[in-house]
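Student: Quick one, structure for this:
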Amino acid sequence: MTVGFWINIIVMLLLIIGLFSLQKKHVSFSKRVFLALAVGIIYGFILQGIYDPTSEVVIKSIDWFNLVGVGYIKLLQMVVMPLVFISILAAFTKMNLTHNVGKISTLILGLLIGTTAVAAGVGIATAIGFDLEAIQIHAGDAETARGELLEQKLTDIGDKTFPQQMLDLLPANPFLDFTGARATSTISVVIFSAFIGVAFLGVRRKSPERAELFEKLVDSVYAVIMRVVTLILRLTPYGVLAIMTKAVALSDMDAILKLGKFVIASYVALLVMFVIHLILLSVTGLNPVTYVKKAFPVLTFAFTSRTSAGALPITIKTQKSLGVPDAIANFAGSFGLSIGQNGCAGIYPAMLAVMIAPTVGINPLSPSFIVTVIAVVAISSFGVAGVGGGATFAAIIVLSALDLPVGLAGLLISIEPLIDMGRTAVNVSGAMTSGILTSRFTGEIDGDVYKDLTNKIEAEI
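Tutor: Numbering: from 1, shown residues only. Predicted structure coming up:
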């Protein structure tokens, strides 16, 4: 181990101790998360300036940083499947859902898919506005290898018809899906939980005393799981610090500068979509500034970690701090992991389709092509995995459905992690927006809780 390595580790330990001291001084959770994000970026740039991103010192240092960053993500992922399962069941055990479950589910799904269709339109407009074309990008060895990998993935799923892909969403073996073994495992667990929930409603009508025992059991397990979530969330500032340091320190700045136009275009599209979320809240009479203030911690985590699934516990808690009832928050958070992800399943594949279309002689400005892209993106937004890489899965499905060469999507591999950070944050915002709007439309949102800026998730952490 070199001196540089030990210095890097000591600095990271000192930064962690500094964050811990702020916690002891009762500095708010959101402020600590924001500070961790800023310090992580600065420390990452310092490592960039001193070492090459591929140097052994940086690689070994990041390997140890991962104990904090990746370890934190793994702890969150550990609780995702149990949380999805028990959250959906808990939603059904709430008395006010007996007659509204169909309406609530339809509203949430409609908003998720509808905003994804809008996101596709934003992606198309941005790609056309910035005049993005795949032929503008130089294909090196990494890009070629990535393209070949995508072609291989296409072979694995490309032979399946749309009905067969829909069948893949069904939980033939729910215990296998609890392990997250398939790309569609999360939505399969949601479906399995929903079946048990519907069965519970039937039992409650016919045998209330038996249903009462099940309801108490579900509420007890839910309380325990949420307590586990709270314990893990206390580690958020430390996880964000390590994750952000790693992301910046290992970034290929040369590639980012060369593809700066694509990075800027992607973030313009993502920002426009986030503004659309705020506009939707405003139209329904909700203050978008309040939403931003309360959603900041979860959006920060989603941005740094690149995992919607890992952010699920904070997504649910944040919705509750915005006055969304438990049941709706659970539904919106869980459904949003695999359905209608605005960033990964909406903007990204739509932009790729516009960029790649000219390479096969298709006019991306053609109204028929634009309408087709939006329709395909909306339909295919089911079952997108809520972890890093879900956008690739969505892109493969959309591009293959449009008969466009999937391999060209590999041209953006060098900037993929950077863009994926923004996409994940928009995914999470879309899920929360669907929950808030559904609560608003059904009249179940607590307006006083929404407005109360003291009611943030740090009050529980």
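
Student: tell me which residues of stretch 109-118 are tucked away?
Tutor: L109, L111, L112, I113, T115, T116, A117, V118 (16 or more other C-beta atoms under 10 Å). From N, CA and C alone the C-beta is placed, and that goes for glycine too.

Student: mind listing which of those are in strands?
Tutor: Among these, DSSP state E puts none in strands.

Student: out of those residues, who's nearest R205?
Tutor: L109 (24.8 Å; C-beta to C-beta).

Student: Tell me which residues of stretch 438-446 come out buried.
Tutor: In stretch 438-446, counting by 16+ other C-beta under 10 Å, buried: T438, S439, R440, E444, I445.

Student: go on, stretch 78-94?
Tutor: 79-94.

Student: still on that earlier bit, can I get the buried residues of stretch 438-446 in a markdown table including distance to A353 and pLDDT?
Tutor: As requested, these are exported to a markdown table (distance: C-beta to C-beta, whole Å; pLDDT from 0 to 100):
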| residue | distance to A353 | pLDDT |
| --- | --- | --- |
| T438 | 30 | 93 |
| S439 | 34 | 92 |
| R440 | 33 | 92 |
| E444 | 38 | 87 |
| I445 | 36 | 90 |
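
Student: Throw those residues into JSON lines and include secondary structure, thanks.
Tutor: Converted to JSON lines, the buried residues of stretch 438-446 look like this (DSSP: H, G, I helix; E, B strand; the rest coil):
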{"residue": "T438", "secondary structure": "helix"}
{"residue": "S439", "secondary structure": "helix"}
{"residue": "R440", "secondary structure": "helix"}
{"residue": "E444", "secondary structure": "coil"}
{"residue": "I445", "secondary structure": "coil"}
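
Student: who does the top helix by length along the chain touch, helix- and strand-wise?
Tutor: Secondary structure of the chain per DSSP state H: the longest helix is helix 101-129. Where contact means 3 or more C-beta pairs under 8 Å, 6 or more residues apart in numbering; DSSP states H and E, helix 101-129 is packed against helix 185-206, helix 260-283, helix 326-335, helix 348-356, helix 367-380, helix 416-441.

Student: Off-centre distance for that helix?
Tutor: 15 Å (C-alpha atoms, centre = their mean, to the nearest Å).

Student: Let me know the average pLDDT across that helix.
Tutor: Averaged across helix 101-129, pLDDT comes to 89.

Student: Ok, stretch 337-356 next?
Tutor: On average, stretch 337-356 scores 85.

Student: residues of it that come out buried?
Tutor: 337-356.

Student: Also stretch 364-379?
Tutor: P364, F369, I370, V373, I374, V376, V377, A378, I379.

Student: Of the residues you listed, which is the nearest to S188?
Tutor: Proximity of those to S188 (C-beta to C-beta) peaks at I379, which lies at 18.5 Å.

Student: So that closest one versus L281, what's the distance?
Tutor: Per C-beta to C-beta, to the nearest Å, I379 is found 26 Å from L281.

Student: So, low pLDDT: which residues of this protein?
Tutor: 1, 94-99, 135-162, 165, 183, 252, 254-258, 382-393, 407-414, 455-461 (pLDDT under 70).

Student: Tell me the gap between stretch 20-27 and the middle of its chain.
Tutor: With C-alpha atoms, centre = their mean, you get 29 Å for stretch 20-27.

Student: Touching that stretch from outside, list them.
Tutor: By C-beta atoms under 8 Å, 6 or more residues apart in numbering, the list of residues contacting stretch 20-27 from outside reads K31, R32, L35, R234, P237, Y238.

Student: same thing but at 6 Å, please
Tutor: Defining contact as C-beta atoms under 6 Å, 6 or more residues apart in numbering, one finds that stretch 20-27 is touched by R32.

Student: Can you give me the buried ones in it?
Tutor: L22.

Student: wouldn't N342 be in contact with V428 here?
Tutor: No: if you go by C-beta atoms under 6 Å, N342 and V428 don't touch, sitting 9.4 Å apart.

Student: hang on, the earlier thing: any idea which of the buried residues of stretch 364-379 is closest to N330?
Tutor: A378 (24.0 Å).

Student: residues of the helix or strand harbouring A223 that come out buried?
Tutor: Assigned by DSSP states H and E, A223 belongs to helix 208-233. Residues of helix 208-233 classed as buried: A211, F214, E215, V218, Y222, I225, M226, V229, I232, L233 (neighbour count, 16+ other C-beta under 10 Å).

Student: and if you look at stretch 180-189?
Tutor: Buried residues in stretch 180-189 (16+ other C-beta under 10 Å): G180, R182, A183, T184, S185, T186, I187, S188, V189.

Student: do you know which of the helices and strands packed on helix 101-129 lies nearest P297?
Tutor: Among the helices and strands packed on helix 101-129, helix 416-441 sits nearest to P297 (C-beta to C-beta), with 10.9 Å.

Student: Against which helices or strands is the closest one packed?
Tutor: helix 101-129, helix 260-283, helix 288-305, helix 312-321, helix 326-335 (3 or more C-beta pairs under 6 Å, 6 or more residues apart in numbering; DSSP states H and E).

Student: Now do the SS call for the residue lying closest to G44 once chain neighbours are set aside.
Tutor: Closest residue in space to G44, ignoring its immediate chain neighbours: V248 at 2.5 Å, by C-beta to C-beta, 6 or more residues apart in numbering. V248 falls in the helix class when you classify it by three-state DSSP.

Student: Can you report how many residues neighbour V248?
Tutor: For V248, the neighbour count with other C-beta atoms under 10 Å is 20.

Student: With N342 as the reference, measure out to it.
Tutor: V248 is 25 Å from N342, by C-beta to C-beta.

Student: likewise G4?
Tutor: 41 Å.

Student: rewinding a little: which one of the helices and strands packed on helix 416-441 lies nearest to I50?
Tutor: Closest approach to I50 among those (C-beta to C-beta): helix 288-305, 21.8 Å.

Student: what about S207, neighbour count?
Tutor: For S207, the count of nearby residues is 10 (other C-beta under 10 Å).

Student: Identify each buried residue in stretch 121-140, please.
Tutor: G121, V122, G123, I124, A125, T126, A127, F130, L132, A134, I137.

Student: gap between the second one and V11?
Tutor: Counting by C-beta to C-beta, the gap from V122 to V11 is 40 Å.

Student: Lovely, talk soon.
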